[in-house]
Structures are given as structure tokens and as C-alpha cells.
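K.L.:
predicted structure and sequence below. I'll ask about it afterward.
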Amino acid sequence: MLFEKYRKAYAPETQWPVWINDKETCIGDKCRFCFETCPTGTIKWSTKTGFPYIAGVGGFDKACINCYNCSAVCPTHSISMSGGYRVFAGRYKTAKAPVLRMPAPVAGSTLTYHELEKDLTEVERVIYRRRSNRIFKDTPVPEELLHRIMEAGRYAPTAGNNMPFTFVAITDRVLIREIEVQSMKVLRWFKRLYLNPTFLKRITVTLMSYFMVRDLDQRPFFPLDKADRRNDNLFYGAPALILVLMDRRGISDPNLDAGICAQNIVLTAHALGLGTCYNGYAATALRYLGGLRKKLGIAYPWKVATTIAVGYAKVKTDHAVAREDVPVRWFR
Ligand SMILES: Cc1cc2nc3c(=O)[nH]c(=O)nc-3n(C[C@H](O)[C@H](O)[C@H](O)COP(=O)(O)O)c2cc1C
């Protein structure tokens, strides 16, 4: 059993969701939003047919993570998906069989989410309809709005009310670009190590997975390939970037506090008509970029917990989509 894990930590047998595009309704070249927004780059564009199609990434036959962003941005509702993302073996074996369903906040109701939505609270609607935005307008975000969303972050609950976070807000496009380009220099190494398997890479990644288990799941490697092919485009042209910094000395689990804080920011941004996209890559890359950290004034005890790209969505992204079911065990 132990060797089973060794063998299959890298490129395990995976079930990818089935992606269906209705060519009768898809407007093809007039839109291309699904292709633009797909985080992993598994949606490709055929210049020959003028329609999107699914293809593999870096030696993998597909790279869909079931985010449904393609269907959320599709103006003609042409995209549907079935089946979930599931890893069958090895270190990253999926813990439960994926069952996807739309939000069903009213237990026992036979109404669809769309029928129920009008009776939900504004908070619920924002939670269900917020999607990561990956196609931004060039329009700058007014500083008052950036202040407003960070203020919502400040009001996040924290262990012992210790508030182990602070923010860096960047609207300087040259600096945003520099973070993107420098981050990709680091991340490209990880991408090269993972994608396009060779015998040596398999062994290296498998061994590394024992020490860096959270960093070597296959899913994060696909978007790196897309960013790499698209001129280091990690932040999707967003005009503003918020870095949520975390005090490493925070009580209990400061990562959790920073995450709750970040989600207050993201949900408030959505409620105010802004689009956001978390970016974990830049947070990882900044660990290795001492010069850039210095420039941004990030020193001990601060660490970048996450980064959030903020701007105005070019395409309407606020749609509820299906998500994997999460079992609840009740003790009554
Ligand atoms: C901590 C964190 C880091 C993320 N990092 C990235 C990232 O680097 N790039 C990206 O395009 N999306 C990133 N995402 C967005 C996820 O891919 C997205 O939330 C997920 O696919 C679900 O889609 P939704 O946000 O539209 O509901 C991140 C999300 C979280 C919470």
C-alpha cells in the first residue's frame, strides 16, 4: 500500500468532468469568454471551426477542475458539464465520490435554486452568485471602494480578537506587472518540474510530495501553463491588487483568520459590483522573492497569506453554479 502511494502521487488516474458545448446556441468567435476565463487552459480555441474545445495540458489529457466558470460567463447558456473531478489512486486520492448540485438552501424544497433565489437574503445571494473573475475591464477601481472592501476585511472575526493581518493595496500597474513577472520566474520552475512527465520528474515529484504535500496536487500546475503562454498573465489585467498579510505570531491559526478576512473583502467587493480573483501563486512566489518583499515593505512577522485581484468584470460573472456536495453528519 505504501508503494501504491509512492507510485501514484504524480499524475494519478483521474476522472475529469465531461464538458459539453451546444454548438447550436454557442456564438463562437463573437464571444470566446469561456476560453478566456478557464483557469486551467483546458478550454482551447479552434481557429478552424471558430468554436471552443477541450484539450489536455502539459501531458495530461484534460485539466478541468469543475469550477463552472466557463458556464457562468457564457451569454447563451451553451455550456453544461457532467461528472466530477475525481482522483482514483495514490497520495491525492479523492476522499469522497463527487456529487455536484446547485445551491439548495431550503431543506426539503422541491423548487430550483432560481425559483428560490428571490426569497433569500442579500448575503446568501452574494455568496451563491460570486464567481472568481478572470476577465477584467481596464477601468481603475476608485480608492474609496478599495478602502471600503478592506474595511470589511478589518471586521472579520479573529481568534482572541488578535487581528493578525494587515493589507497592502496596489493600484500602480507597473508594480502589479512586476509582481506578476517576478512571480512567474519562480513558478515556471514548479511548472516545468510537474508538467510533461518524464521518469525522473515522476520520482522527484513523488518524493517531494512527502515533504510538500499541499503544494504538489496536480491542479495548480495547469493555470501556470496558461499564465506562461499568455505573457505571465497571473492577475488577468486587474487594475488593483490587495495583499492580505498575516502576522506569523497570531493566536491559534492566523492563516484561518487571514482567510476569513479575505473572504469578507471578496464578498463585499461582489456586493459592490466589483469582480475579484484570489491569487495563491503570488503569495507562494513571494516567499522566494526577497527583493520584491523588501520593495513592498514585507518583513517578519508579516507573511503574504493571499493576494486578491480586484477590478470591474468585463463579462457578467455573477451566476450560481453547481458545486460538489459536502456531506453533513448530524448528531441529534
Ligand atoms: C486561497 C485561494 C487561492 C486561489 N488562487 C487562485 C489563483 O492563483 N489563480 C486563479 O485563477 N484562481 C485562484 N483561486 C480561485 C479558485 O480557482 C476558485 O475559487 C475556485 O475554482 C472556485 O471558483 P469560484 O471562485 O468561481 O466559485 C484561488 C482561490 C482561493 C480561495
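P.N.:
Good, I have the coordinates.
K.L.:
mind checking the end-to-end distance for stretch 208-216?
P.N.:
Distance across stretch 208-216, first residue to last, is 8 Å (Cα to Cα, to the nearest Å).
K.L.:
and if you look at stretch 93-109?
P.N.:
OK, stretch 93-109 end separation, Cα to Cα: 33 Å.
K.L.:
do it and the ligand meet?
P.N.:
No - using Cβ under 6 Å from any ligand atom, stretch 93-109 never reaches the ligand; the gap is at least 11.5 Å. For every residue, glycine as well, the C-beta is placed using N, CA and C.
K.L.:
begin at 33 from now on, thanks
P.N.:
I'll keep to 33 as the first residue from here, and by that count the last item is stretch 125-141.
K.L.:
check which helix or strand covers the nearest residue to Tyr100 once chain neighbours are set aside.
P.N.:
In this structure, Tyr100 finds its nearest non-sequential neighbour in Val353, 3.6 Å apart by Cβ to Cβ, 6 or more residues apart in numbering. If you go by DSSP states H and E, Val353 is not part of any helix or strand.
K.L.:
so who does Val353 touch?
P.N.:
Cys99, Tyr100, Asn101, Ser103, Ala104, Met134, Arg163 (Cβ atoms under 8 Å, 6 or more residues apart in numbering).
K.L.:
against Thr198, how distant is it?
P.N.:
Separation of Val353 from Thr198 (Cβ to Cβ, to the nearest Å): 33 Å.
K.L.:
try Arg234
P.N.:
With Cβ to Cβ as the criterion, Arg234 and Thr198 are 41 Å apart.
K.L.:
cool, Glu45 as well?
P.N.:
44 Å.
K.L.:
more neighbours, those two?
P.N.:
Using other Cβ atoms under 10 Å, the more surrounded residue of Glu45 and Thr198 is Thr198, with 17 against 11.
K.L.:
right, and the more buried one touches Leu275 too?
P.N.:
No - counting by Cβ atoms under 8 Å, Thr198 sits too far from Leu275 to count as a contact (9.1 Å).
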